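>>> Please work out how this folds:
(6 chains)
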There are 6 protein chains.
Amino acid sequence: MRPSRRANDEMRAVSFERGVLRHAEGSCLVKFGDTHVLVAATLEERLPPWLKGQGRGWVTAEYSMLPRATLERTRREATTGKQSGRTQEIQRLIGRSLRSVTDLVGLGERQITLDCDVLQADGGTRTAAITGAWVALHDCLNWMYQRSMLKTIPLKENVAAISCGIHEGTPVLDLDYAEDSKAETDANFVMTGTGGIVEIQGTAEKTPFSQDELLSLLALARKGVGELVELQKQAIKA
Amino acid sequence: MRPSRRANDEMRAVSFERGVLRHAEGSCLVKFGDTHVLVAATLEERLPPWLKGQGRGWVTAEYSMLPRATLERTRREATTGKQSGRTQEIQRLIGRSLRSVTDLVGLGERQITLDCDVLQADGGTRTAAITGAWVALHDCLNWMYQRSMLKTIPLKENVAAISCGIHEGTPVLDLDYAEDSKAETDANFVMTGTGGIVEIQGTAEKTPFSQDELLSLLALARKGVGELVELQKQAIKA
Amino acid sequence: MRPSRRANDEMRAVSFERGVLRHAEGSCLVKFGDTHVLVAATLEERLPPWLKGQGRGWVTAEYSMLPRATLERTRREATTGKQSGRTQEIQRLIGRSLRSVTDLVGLGERQITLDCDVLQADGGTRTAAITGAWVALHDCLNWMYQRSMLKTIPLKENVAAISCGIHEGTPVLDLDYAEDSKAETDANFVMTGTGGIVEIQGTAEKTPFSQDELLSLLALARKGVGELVELQKQAIKA
Amino acid sequence: MRPSRRANDEMRAVSFERGVLRHAEGSCLVKFGDTHVLVAATLEERLPPWLKGQGRGWVTAEYSMLPRATLERTRREATTGKQSGRTQEIQRLIGRSLRSVTDLVGLGERQITLDCDVLQADGGTRTAAITGAWVALHDCLNWMYQRSMLKTIPLKENVAAISCGIHEGTPVLDLDYAEDSKAETDANFVMTGTGGIVEIQGTAEKTPFSQDELLSLLALARKGVGELVELQKQAIKA
Amino acid sequence: MRPSRRANDEMRAVSFERGVLRHAEGSCLVKFGDTHVLVAATLEERLPPWLKGQGRGWVTAEYSMLPRATLERTRREATTGKQSGRTQEIQRLIGRSLRSVTDLVGLGERQITLDCDVLQADGGTRTAAITGAWVALHDCLNWMYQRSMLKTIPLKENVAAISCGIHEGTPVLDLDYAEDSKAETDANFVMTGTGGIVEIQGTAEKTPFSQDELLSLLALARKGVGELVELQKQAIKA
Amino acid sequence: MRPSRRANDEMRAVSFERGVLRHAEGSCLVKFGDTHVLVAATLEERLPPWLKGQGRGWVTAEYSMLPRATLERTRREATTGKQSGRTQEIQRLIGRSLRSVTDLVGLGERQITLDCDVLQADGGTRTAAITGAWVALHDCLNWMYQRSMLKTIPLKENVAAISCGIHEGTPVLDLDYAEDSKAETDANFVMTGTGGIVEIQGTAEKTPFSQDELLSLLALARKGVGELVELQKQAIKA
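Predicted coordinates:
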């Protein structure tokens, strides 16, 4: 039995609250159980220098945790003076994931920044961030479309992410913190609405894993992402 | 007429949502209209080095704005590598204000950190932060009291803060961003539940002000703080 | 009796030595008793990016203390790698104070930087800096006027600053370090030559203060600033 | 045909030169074709603070590229003042990979740091670094064993890494820079001598990939790691 | 003819003003013509970690220029966030020079820091700093001796420094800024009261120099240091 | 007898390996005994801002030591976040030395950066770096000449560097680490192929030295540089 009493292939309750920030072109408060991430999409009519004049736009992300999102307070990165390696890894992953489903030529020479701020953490903050960022990005692009800045919404398909892991010998879906801190193997999967794999990051925390274990985690992830994509679609209809 | 159609001595709608963070010993989401600040109180059994062994505790604060709390996105301080002068001024003010009503000897050799993160900004973020931080601090101290870590709650009285300013020649209470950016004079008042002044910061943005103007701002602030303290008292009863 | 044996409304000996730096367009060594601040005014034909093309100039300030200005040596900010919150608060205050009496349109698209370096500290360094910076700014503007860069000197009036506080229950003027470190309440007042208030910063270090106490501090400050302005006027005549 | 004229499942020439640094307890210059990484293993009788007193040691890594390892000069991280996100990601990966095959209890309360400095880069620097670091770590542990600091060499098995990718529609092994910069999908595999998977990092640079493609990359990686492990074994016998 | 109309072997007017800082254990305002350096000596009962428990003390130095010490304002190192290479070179030189004449065992396990702040620069700031630092160090050691913290003053002899250079083909003593910026060769000499050489730093700015030229600069330096040592001796008698 | 059993005027075995880096326009692995420095010359068609439009080029250098170049591991400057004073001193010296023999007008408006990375250190890293950098610079200029970017190679003559010191009372040439750490006096000499002195840096680590000692060190250096220049000439012929 999992600590949360969930079935092995059962995700936590997932919700998307759209339009929570008055100033942002798109925003979403995404919850995967007790993991809460506030995503703000900002449109800017400027590009990183190395992209200028190529007829393409850019989607990038920043990630941060509030100091008391965690069980023990963590030091604020603005006071340590630099972003940790973990923060940088995660924000690079979020950016890559969202760019993989965006038509950057269709976006035009503009940049959208996805700020993912974790208000409360209980495992899976990066997967919640990616999944919620798709909603905020969609709403930002829709905001542009409503204002005739775009002819169509340049999103190729949905993208969502989920973690899986081997917990006490059993593959399980959507690890919370209690499971994550004890899992032998931990993998994050970013997949599209049509089942394509965008990113796999699998790590053996304790003992190496086998190809069969990888495949069973992938099957769980496929189920989870399918459900997340369905929830995204419902959310943007609402 | 004020842009918000409020009366000159009328505050915005103020609310306190307690216990919004699962891990923090005390927390409060405080709203002054469209200004929303999330305050987390963290108890730690450690002290800054210069305070050790004096039989007293410490209350300190950190302040930050999410990048898209503002109309235009502001750069994340974790990526610039340092806190701005404005951030440091505000977090020092919050810390001083809360210490002024805390019995530090009664707290014992422990530190409470008040993290004030602005989710959305519409003027008055520092006054909302101070006012909400009192609720989060109260709840953190009450959490300790419930666990018999304290014999009494070492809070001497309430403390709250409000801004006032001279807007188009008229003294008004609780400036929002539209007023703040055009006010001739802007003053922040931190006052206690019994009417004592803890801090005054008055600045003539455009033309110097007179003693009479100062006194009319002070009278408005006294009214506002009185209402805020009443709302704090109701909130902690709920 | 005050530790310095001064009367309650008596300032320390104040002096201004002009033209102490050969390279600066204006300079002043200001002394408030044992507090000595060297102010250099630098004219530059450039502006911060956000001010360009608006037909206005800018006056800004930087503040620093030499490591051994203080009783105990303080660490050099160039070696810690950043300016403290206190330093940033003070230099922002100095800049605001001097801008309040400068006709920025009259100055034209130029920037004047007021470097205030504390050679020796005995309380009141920020008030001495503001008061001396007015003299250095005046001399810099006069230097420009002599070279026909300006048609008139774009200074609207004098500005000066003084601290007051409640020391052992009594309101006193111009705190030195011995008083400042024990005062219950400490307030800095920036006022113009015609009595307008530019900035009030009042802080209750120990117990909140009342409106009456605020008014008695304000009355002391008014007397002190009057004397300082008189001394500034004599200094620039010399 | 691949740009390098290699067969799809053919690695570049791989070599290990041991003992290249006089001062280090273990060292190895590893070459994967034109990718050259110098690895130094340093033994220290100290631990990170959070590991003290647990009867276990630690293996960590640092990674850097010389400025002109690359086609165009890249700025030195010591002059930019911080390590890039990419650098941090890679050094965290190297550390995790080597810890996965080390018996940290057997190592005792000591730390081994693996400095991986890329002298010349032509794709695959992180996989070369991991593969060479195993040799340097082995030699460091053997150095300790020769001096009776260890009863047995606390290495559970070999670990090596290789990149695979889909290049012009075909899965290929061990991408060089020419292939890497054009690959649709790029994946790094860290595997042990007995075929366990330690880490998978697969990224769709352009279009998402399928489960079948993942499995064909994994098969290539298994072949490549098998050959690398054989070469490691020959190297430490020499 | 030199721009300053001085003879080739003639120094600028040199003066030492002792005891200029109330808080410092020793202090000296040294002037070499228009180059003015304020030196403060601070005694601390602590040592750098690597020196502890060896029965010896330490003498170190920090160097800085006020922003408007120079013809054009230079940016404050506290705002750039780091000390320049030039600053670090100079402060290391000052420290080495003063340690060369101090009996560190006689000093005991204490540290003296010599803060050299350039108020005004006209060439030769490092040589003025070293020469004035000897006076401040002497006075700090004498302060300790007066308080019976030392049995004798642990100074082995005087040390002073001077620059020489080849200006328009002619060797000259004590370059000011006008000469320094055009000199073909520039050399700084640190020498003791008995004629020993502590440090030579000679640089050919434009064309290499010969051994004969080096010897003629050394002869000038010897004359200059002799005069400086004489002035130091008179200063500490006063 | 010297620890290395070398004669007093005998250098260590010196070698130059050219063309060791595939991407660099010029490169050289220089060895002075166990001191190994990898130098890469990078040509860039850009200049520092202050040099633009003057019809001249620039030669600059950066210096770094790999963490385990030394007996004990030293912390990586990219993780400390800044270059040490020693690093900055050395790289400024290398740049000045190479500029002294380069015809910067002949180079045209381009910059050559000499990256000197110490792979292994045994004393004399800065002298080896300068001597090897001349070879890498020569090869970079020759690369340009072969491509008709230059009409002639704008090198005025050779430049090389060597350290000398007084070890147990005797002047010796080319100190290794064992000697360097015990020498009473340590001096670095940078000289040209025709015997001109470019830079002298002499430091009395323990007791001041005399003019006669300086001259005997200079004579040794002249012999050493003569041999180094001969070896450079043979190397570029090969």
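
>>> how about the helices in chain A?
Along chain A, counting by DSSP state H, helices occupy A:77-80, A:85-99, A:104-107, A:125-146, A:177-180, A:211-237.

>>> Could you check how many residues crowd around A:Gly55?
9 (other Cβ atoms under 10 Å in any protein chain shown). All C-beta spots, glycine's among them, are computed from the backbone N, C-alpha and C.

>>> ok, back up a step: quick one: which of the helices of chain A is nearest chain B?
Closest approach to chain B among the helices of chain A is made by helix A:77-80 (3.6 Å; Cβ to the nearest Cβ).

>>> Now do that closest one: which elements does it pack against?
Under the contact criterion of 3 or more Cβ pairs under 8 Å, 6 or more residues apart in numbering or on different chains; DSSP states H and E, helix A:77-80 touches helix B:77-80.

>>> Only the buried residues of the helix it packs on, if you could.
Judged by neighbour count using 16 or more other Cβ atoms under 10 Å in any protein chain shown, the buried positions of helix B:77-80 are B:77-78.

>>> do the same with stretch A:105-116
Of all the residues in stretch A:105-116, those buried under the rule 16+ other Cβ under 10 Å are A:106-107, A:109-116.

>>> Just the pLDDT for the residue nearest to A:Gly81 when sequence neighbours are not counted.
Distances taken as Cβ to Cβ, 6 or more residues apart in numbering or on different chains put B:Gly81 closest to A:Gly81, at 5.0 Å, once the chain neighbours are dropped. With respect to pLDDT, B:Gly81 scores 81.

>>> Minimum distance to F:Glu205: which of the helices of chain A has it?
helix A:77-80 (38.1 Å; Cβ to Cβ).

>>> Alpha carbons of the closest one, as CSV, please.
The C-alpha trace of helix A:77-80 is given here as CSV (Å, rounded to 0.1, in the frame of the first residue of the first chain):
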residue,chain,number,x,y,z
GLU,A,77,18.1,32.3,-3.8
ALA,A,78,18.0,36.1,-3.9
THR,A,79,19.9,36.1,-0.7
THR,A,80,22.4,33.4,-1.6
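
>>> Apart from its neighbours in sequence, what residue is nearest the residue most central in space within chain A?
Taking Cα atoms, centre = their mean, the centroid of chain A lies closest to A:Ile130, which sits 1.2 Å from it. In space, and not counting its chain neighbours, A:Ile130 is closest to A:Ala161: 4.0 Å by Cβ to Cβ, 6+ apart.

>>> Same question for A:Met65.
A:Val118 (4.2 Å).

>>> By average pLDDT, which secondary structure element in chain A comes out worst?
Lowest by mean pLDDT, DSSP states H and E among the helices and strands of chain A is helix A:77-80, with a mean of 87.

>>> and chain A, which residues reach chain C?
Within reach of chain C by Cβ under 8 Å from any Cβ of the partner chain, chain A has these residues: A:Gly81.

>>> Where does chain A get nearest to chain C, residue-wise?
Here the residue of chain A nearest chain C is A:Gly81; by Cβ to the nearest Cβ that distance is 7.8 Å.

>>> follow-up on the earlier one: mind checking which of the buried residues of stretch A:105-116 land in strands?
A:111-116 (DSSP state E).

>>> Verify the contact between A:His167 and A:Met1 for me.
No: the pair A:His167 and A:Met1 fails to qualify as a contact (Cβ atoms under 8 Å) at a distance of 10.7 Å.

>>> Which one's more surrounded, the two?
Higher neighbour count among A:His167 and A:Met1: A:His167, with 20 against 8, using other Cβ under 10 Å.

>>> Please work out the average pLDDT along stretch A:154-163.
Here stretch A:154-163 scores 98 as its mean pLDDT.

>>> how far away is the nearest residue to A:Ser27 once chain neighbours are set aside from B:His36?
Of all residues not flanking A:Ser27 in the chain, A:Leu21 sits nearest, at 3.9 Å (Cβ to Cβ, 6+ apart). According to Cβ to Cβ, to the nearest Å, A:Leu21 stands 9 Å off from B:His36.

>>> Mind listing residues that contact the least confident helix or strand of chain A?
For helix A:77-80, contacts defined as Cβ atoms under 8 Å, 6 or more residues apart in numbering or on different chains pick out A:64, A:83-84, A:87, B:62, B:64, B:76-78, B:82-83, B:87.

>>> Make CSV from those and add distance to D:Pro171 to it.
Formatted as CSV, these follow (distance: Cβ to Cβ, whole Å):
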residue, distance to D:Pro171
A:Ser64, 37
A:Gln83, 35
A:Ser84, 34
A:Thr87, 33
B:Glu62, 50
B:Ser64, 46
B:Arg76, 39
B:Glu77, 44
B:Ala78, 39
B:Lys82, 47
B:Gln83, 49
B:Thr87, 51
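
>>> which ones are touching the spatially closest residue to A:Gly55 that is not a sequence neighbour?
Leaving out its chain neighbours, the residue that sits closest to A:Gly55 by Cβ to Cβ, 6+ apart is A:Val105, at 6.3 Å. Listed by Cβ under 8 Å, 6+ apart, the contact set of A:Val105 reads A:55-57, A:154.

>>> which of the contacts of helix A:77-80 sit farthest apart?
Within those, A:Ser84 and B:Thr87 form the most distant pair, 19.8 Å apart (Cβ to Cβ).

>>> who's more crowded, the two?
Shown here are A:Ser84 and B:Thr87; by other Cβ under 10 Å, B:Thr87 has more neighbours (19 against 16).

>>> Fine by me, thanks again.
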